[in-house]
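Chemist: let's see this in three dimensions:
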Amino acid sequence: MSTPTTSTATPVQAKASGAVLQILFSVAFVHLLNDCVQAALPAIYPLLKQEFALSFAQVGLITLTFQCTASLLQPWIGLYTDKHPIPFLLPMGMCMTLFGVALLSMAGSFGMLLLGAGMIGVGSSTFHPEASRVARLASGGRFGFAQSLFQVGGNLGSALGPLLAAAILVGRGHGKFAWCAILVVLAVLVLVGVSRWYGSHLKSMTKKAAAHAGPPLPRKRVIQALAVLAMLVFSKYIYMASLSSYYTFFLIEKFHVAVGTAQMYLFLFLASVALGTFAGGPIGDRIGRKRVIWVSILGAAPFTLALPYASLGWTAVLSVVIGLVMSSAFSAIVVFAQELVPGKVGMIAGIFFGLMFGVSGIGAAAMGHIADVAGIEQVYRIASFLPLLGILAALLPKMEKART
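Modeler: As a prediction, the model looks like this:
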């Protein structure tokens, strides 16, 4: 298979068949473990709502606390480590997640739930920018593929989280959340090995990755493009937050299904998100990231608009299609932004992962308030229009032509 960067990427691509590919799979695997633990929390929201007598707004605040701690720190961590890389920050951050899991499993009040969720967010804020940088350094020039492989690990973890909750948490009390610590400890051990490779190869891999950067666009054009990408992330992740946080409630209220059945439908949606994410990066490498972004967000609009009015069977089908289509955008968005601002891989990854978490948290809290006031079905009627913002992708520059 030939790509536009074949002549410069060949030595790295040859090496990618060995240790470098192993590193890519390692960070993707840890992303799976990390996001599996994170996804187990919203999957037990019905349990927590019952045990702690929470309102929908309080459920949204749990998500908001996690998402805000995850989002606010990420850009600053990425900006600092662009100049001063800290390879062993990866396992150190995962230890914060371990602390958060312990707090959640021992929580006796709503305040402790918020604190535990916040600590898991802190762990996430240290993991994502640095792990994204490692994936790019080990990409061999196939940046979309590497970002997708890294991201699909997280999506698979998010899909497995509800199954984990259904298997060991639902009906047994929130104290069983402590079992998630096993996954976090495994993640720490894998990241120690990744950090050793990262530290020993940092300088040489940074030079090779820099060889793929083209001349920068004018500053005004870069700012405009980043603003458009931010708006697209806004539309995508507020809608995705409405599904990931409240989909089970929607199914239970509208179709009167059991909690376990609703979680299986949530798993189908999250699995489709993982599959779509994996496809988006390699397709972007081949046909251009702008085309992927355009189709991914705007193309989901007909399905999101139909979802609130569908039967149970069609709701499942539509949610899978929405997951497949919308999820293909994020890897393309991150790599597109990193190409806009060469040399700021960590900062850009931190901004967009942080924006993803922050927008999701704010969206979850807002949707929770709407659900309390107007009902859970109204959430999906309002959110269904968000993908129409995908029309803004027309304003993005054509990077392939700009860098030739």
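
Chemist: state the mean pLDDT of stretch 122-137.
Modeler: For stretch 122-137, mean pLDDT is 86.

Chemist: any buried residues in that stretch, and which?
Modeler: Of all the residues in stretch 122-137, those buried under the rule 16 or more other CB atoms under 10 Å are 122-137. (Glycine included, C-beta is placed from N, CA and C.)

Chemist: same deal with stretch 54-62?
Modeler: With burial defined by 16+ other CB under 10 Å, the residues of stretch 54-62 counted as buried are 54, 56-62.

Chemist: and stretch 367-375, by the same measure?
Modeler: Those would be 367-371, for stretch 367-375 by 16+ other CB under 10 Å.

Chemist: next: stretch 290-308.
Modeler: Those would be 290-301, 303-304, 306-308, for stretch 290-308 by 16+ other CB under 10 Å.

Chemist: for stretch 299-313, which outside residues touch it?
Modeler: Here stretch 299-313 makes contact (CB atoms under 8 Å, 6 or more residues apart in numbering) with 239, 251, 255, 257, 314-315, 317-319, 321-322, 325-326, 377, 380-381, 383-388, 390.

Chemist: just the buried residues out of these, in PyMOL syntax.
Modeler: Burial among the contacts of stretch 299-313 is assessed by 16+ other CB under 10 Å; the matching PyMOL selection reads:
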select buried, resi 239+251+257+315+317+318+319+321+322+325+326+380+383+384+386+387+390
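
Chemist: before we move on, the earlier item: quick check, nearest of the buried residues of stretch 122-137 to residue 163?
Modeler: Of all these, residue 163 sits closest to residue 124, with 20.4 Å by CB to CB.

Chemist: how far away is that closest one from residue 67?
Modeler: Look at residue 124 and residue 67: by CB to CB, to the nearest Å, they are 9 Å apart.

Chemist: could you list the low-pLDDT ranges of the stretch 101-250 of the chain?
Modeler: Scanning the stretch 101-250 of the chain for pLDDT under 70 picks out 169-175, 203-216.

Chemist: that one: helices as residue ranges?
Modeler: Under the criterion DSSP state H, counting those that start in this stretch, helices of the stretch 101-250 of the chain are mapped to 110-137, 143-168, 180-210, 219-255.

Chemist: now do the shortest one: which elements does it pack against?
Modeler: In terms of contacts (3 or more CB pairs under 8 Å, 6 or more residues apart in numbering; DSSP states H and E), helix 143-168 is packed against helix 21-43, helix 110-137, helix 259-287, helix 329-340.

Chemist: quick one, which of those gets closest to residue 155.
Modeler: Ranking the helices and strands packed on helix 143-168 by proximity to residue 155 (CB to CB) places helix 259-287 first, at 3.5 Å.

Chemist: count of residues packed around residue 195?
Modeler: 19 (other CB atoms under 10 Å).

Chemist: residue 115 now?
Modeler: 17.

Chemist: and the gap between it and residue 76?
Modeler: According to CB to CB, residue 115 stands 21 Å off from residue 76.

Chemist: so, low pLDDT: which residues of the stretch 301-404 of the chain?
Modeler: Using pLDDT under 70, the stretch 301-404 of the chain drops low at 357-358, 361, 400-404.

Chemist: try 80
Modeler: Across the stretch 301-404 of the chain, the ranges flagged by pLDDT under 80 are 343, 346, 353-362, 364-365, 398-404.

Chemist: rewinding a little: next step: the buried residues of stretch 290-308 restricted to helices.
Modeler: Of the buried residues of stretch 290-308, the ones assigned to helices by DSSP state H are 290-298, 301, 303-304, 306.

Chemist: which of those sits closest to residue 245?
Modeler: Checking those against residue 245 with CB to CB, the nearest one is residue 304 at 15.8 Å.

Chemist: what sits against the nearest residue to the closest one once chain neighbours are set aside?
Modeler: Excluding the flanking residues, the one nearest residue 304 by CB to CB, 6 or more residues apart in numbering is residue 384, at 4.4 Å. Residues in contact with residue 384 (CB under 8 Å, 6+ apart) are 239, 304-305, 307-308.

Chemist: what do you get if the cut-off is 10 Å, keeping everything else the same?
Modeler: By CB atoms under 10 Å, 6 or more residues apart in numbering, the residues touching residue 384 are 239, 242, 300-309, 322.

Chemist: one more: residue 284?
Modeler: 143-145, 147-148, 290-293, 296, 328-329, 331-333, 335-336.

Chemist: quick check: the gap between it and residue 143.
Modeler: Distance from residue 284 to residue 143, counting by CB to CB: 9 Å.

Chemist: identify the contacts common to these two.
Modeler: Residues touching both residue 284 and residue 143 (CB under 10 Å, 6+ apart) are 331, 335-336.
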